[in-house]
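K.L.:
Turn this into a model:
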Amino acid sequence: MKNCKRNILITGGAGFIGSHVVRLFVTRYPEYHIINLDKLTYAGNLANLKDIESALNYTFVKADICDFELLEELMKKYKIDGIIHLAAESHVDRSIKDPFTFAKTNVMGTLSLLQAARSYWEALPEKYEGKMFYHISTDEVYGALELNIPEGDSETNKCGGGPFGDRFFKETNSYNPHSPYSASKASSDHFVRSFHDTYGMPTIVTNCSNNYGPCQFPEKLIPLFINNIILRKPLPVYGKGENVRDWLYVVDHAKAIDIIFHKGKIAETYNIGGSNEWKNIDLIKVLIKVTDKLLGRTECEDLDLITYVTDRAGHDLRYAIDSTKLKTELGWEPSLQFEEGIEKTVRWYLDNQEWLDHVISGDYQKYYEQMYQGR
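P.N.:
Next up is the predicted model:
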């Protein structure tokens, strides 16, 4: 694409959050050339981007962020001046079983991308002027917060926003990761910041709370449980289901990334949260209520699907993000309340059963493996 205003590389752009970011940038900025780099592992699905795959300002590249030489070639070929880095292994249960893969992708992959960007940008006459390396991370790097549930908690907190605790994750919090996943993301965050401090690379890091919405791989809680409710399969709840998470609609996260990429201050960290704290068990009850209603079933008739299983190793009790800095400095606010976002999400999965079936069966991978065979 010639005479484009910017050439932006988005890694992990076929994944859940990445596909929403790619779509937003391709449609909102026709003067930009968006290069979507994705390895197309199990969580990457180009069907997420069918609506924009023919856009003139969009290019897909199947590649691994650990392939340093290929990254160097791509930086030069497309004259990349901005990177939005989302590619990562992100499922905690998988990290517990296979920490090596998480270290390789999340740490060494990020380092390969940083070094490729540095090599290309430092060789340019203008060097780092007008460049940006934006790294998307997680709130899990901060560790866990205390959980303060008052008496009568089931009614007080079931609608979210209850007094689960007085402390929130701020940008100034020390890192204290408790899982191989969060440890790998913490390490990658440190590498990104070190490239600013050591080499002067323009970097930004954001740490975000749990996302939900369309196109999320159904190993994650919300799409997994929606599908299980549809099929009337058990809903496995870790421990007593009292772990608390802050939930953010994925489109709102994509909009925050857009604002931060264009207006954020170099070398700053921004926390992105939904201000929607929910206990897992109460979230699951809402999912059952909404899904049953939309399926025409009796309200909450599938509550008996809930089953309690042994708690996850190292399961953090509570995450909660303070987004004050992002709101006051850059004017971002989440657009959806949780109940509205959950209903939109459930409707999407019900209306896109074919997408869900293909993901669960693995058919989507076979299709794209054939398409990119030998490339």
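
K.L.:
Report the contact partners of Ile34.
P.N.:
8, 10, 13, 22, 25-26, 57-59 (C-beta atoms under 8 Å, 6 or more residues apart in numbering). Where you see a C-beta, it was placed from the backbone N, CA and C, and this is true even at glycine.

K.L.:
helix, strand or coil for it?
P.N.:
Following DSSP: H, G, I helix; E, B strand; the rest coil, the label given to Ile34 is strand.

K.L.:
what does His135 give?
P.N.:
His135 ends up strand, using three-state DSSP.

K.L.:
Can you tell me the closest non-neighbouring residue to it?
P.N.:
Counting by C-beta to C-beta, 6 or more residues apart in numbering, Val192 is the residue found nearest to His135 once chain neighbours are left out, at 4.4 Å.

K.L.:
shaky segments in the stretch 1-150 of the chain?
P.N.:
Within the stretch 1-150 of the chain, the segments meeting pLDDT under 70 span 149-150.

K.L.:
What ranges does it have for its strands?
P.N.:
For the stretch 1-150 of the chain, applying DSSP state E, counting those that start in this stretch gives strands covering 6-11, 32-38, 58-62, 82-85, 132-138.

K.L.:
how about CSV for these, with distance to Pro218 added?
P.N.:
As requested, the strands of the stretch 1-150 of the chain are arranged in CSV below (distance: least, C-beta to C-beta, whole Å):
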stretch, distance to Pro218
strand 6-11, 22
strand 32-38, 18
strand 58-62, 23
strand 82-85, 25
strand 132-138, 20
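
K.L.:
Which of those strands sits closest to Lys325?
P.N.:
With C-beta to C-beta as the criterion, Lys325 lies closest to strand 132-138 of those, at 15.1 Å.

K.L.:
Can you list the buried residues in stretch 259-272?
P.N.:
259-261, 264, 269-272 (16 or more other C-beta atoms under 10 Å).

K.L.:
Out of the contacts of Ile34, which two sit at the greatest distance?
P.N.:
For the contacts of Ile34, and using C-beta to C-beta, no pair is farther apart than Gly13 and Asn57, which are 13.5 Å apart.

K.L.:
which of these two has more neighbours?
P.N.:
When neighbours are counted by other C-beta atoms under 10 Å, Gly13 and Asn57 differ, and Gly13 comes out ahead with 30 against 20.

K.L.:
was I right about that one contacting Ala43?
P.N.:
No: using C-beta atoms under 8 Å, Gly13 is not in contact with Ala43, being 11.9 Å away.

K.L.:
now Tyr308, what's its secondary structure?
P.N.:
strand.

K.L.:
Apart from its chain neighbours, what residue comes closest to it?
P.N.:
Val237 (5.3 Å).

K.L.:
residue contacts, the one you found?
P.N.:
Here Val237 is in contact with 280-281, 284, 306-309 (C-beta under 8 Å, 6+ apart).

K.L.:
which one of these has the most neighbours?
P.N.:
Ile284 (21 neighbours).

K.L.:
just checking, that one touches Gly241?
P.N.:
Yes: with contact defined as C-beta under 8 Å, Ile284 counts as touching Gly241 (6.8 Å).

K.L.:
can you tell me which residues contact Ala63?
P.N.:
By C-beta under 8 Å, 6+ apart, the contact list for Ala63 reads 37-39, 70-71, 74.

K.L.:
In CSV, list the residues you listed along with neighbour count and distance to Lys127.
P.N.:
Compiled in CSV, these are given as follows (neighbours: other C-beta atoms under 10 Å; distance: C-beta to C-beta, whole Å):
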residue, neighbour count, distance to Lys127
Leu37, 28, 23
Asp38, 28, 28
Lys39, 19, 29
Leu70, 16, 23
Leu71, 27, 18
Leu74, 18, 19
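
K.L.:
from those, which single one is nearest Tyr199?
P.N.:
Nearest member of these to Tyr199, counting by C-beta to C-beta, is Leu71, at 16.4 Å.

K.L.:
Next one: Trp247 relative to Gln337, how far apart?
P.N.:
Applying C-beta to C-beta, to the nearest Å, the value for Trp247 to Gln337 is 11 Å.

K.L.:
try Phe102
P.N.:
Remark: distance between Phe102 and Gln337 (C-beta to C-beta) = 33 Å.

K.L.:
what do you get for Ile52?
P.N.:
Ile52 sits 28 Å away from Gln337, going by C-beta to C-beta.

K.L.:
Of the two, which one has the most company?
P.N.:
The neighbour count for Ile52 versus Gln337, taken as other C-beta under 10 Å, is higher for Ile52 (18 against 14).

K.L.:
so that one touches Leu46, yeah?
P.N.:
No: applying C-beta under 8 Å as the test, Ile52 and Leu46 come out as separate, 10.6 Å apart.

K.L.:
distance between the ends of stretch 305-325?
P.N.:
End-to-end distance of stretch 305-325 (C-alpha to C-alpha, to the nearest Å): 41 Å.

K.L.:
In that stretch, which residues are buried?
P.N.:
If you call a residue buried by 16+ other C-beta under 10 Å, then stretch 305-325 has these buried ones: 305-306, 316, 318-323, 325.

K.L.:
got JSON lines for those, with pLDDT, distance to Gln216 and secondary structure too?
P.N.:
Formatted as JSON lines, the buried residues of stretch 305-325 follow (pLDDT from 0 to 100; distance: C-beta to C-beta, whole Å; DSSP: H, G, I helix; E, B strand; the rest coil):
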{"residue": "Leu305", "pLDDT": "96", "distance to Gln216": "20", "secondary structure": "helix"}
{"residue": "Ile306", "pLDDT": "96", "distance to Gln216": "21", "secondary structure": "strand"}
{"residue": "Asp316", "pLDDT": "83", "distance to Gln216": "20", "secondary structure": "coil"}
{"residue": "Arg318", "pLDDT": "92", "distance to Gln216": "22", "secondary structure": "strand"}
{"residue": "Tyr319", "pLDDT": "90", "distance to Gln216": "17", "secondary structure": "coil"}
{"residue": "Ala320", "pLDDT": "91", "distance to Gln216": "21", "secondary structure": "coil"}
{"residue": "Ile321", "pLDDT": "93", "distance to Gln216": "19", "secondary structure": "strand"}
{"residue": "Asp322", "pLDDT": "94", "distance to Gln216": "24", "secondary structure": "coil"}
{"residue": "Ser323", "pLDDT": "96", "distance to Gln216": "21", "secondary structure": "coil"}
{"residue": "Lys325", "pLDDT": "98", "distance to Gln216": "27", "secondary structure": "helix"}
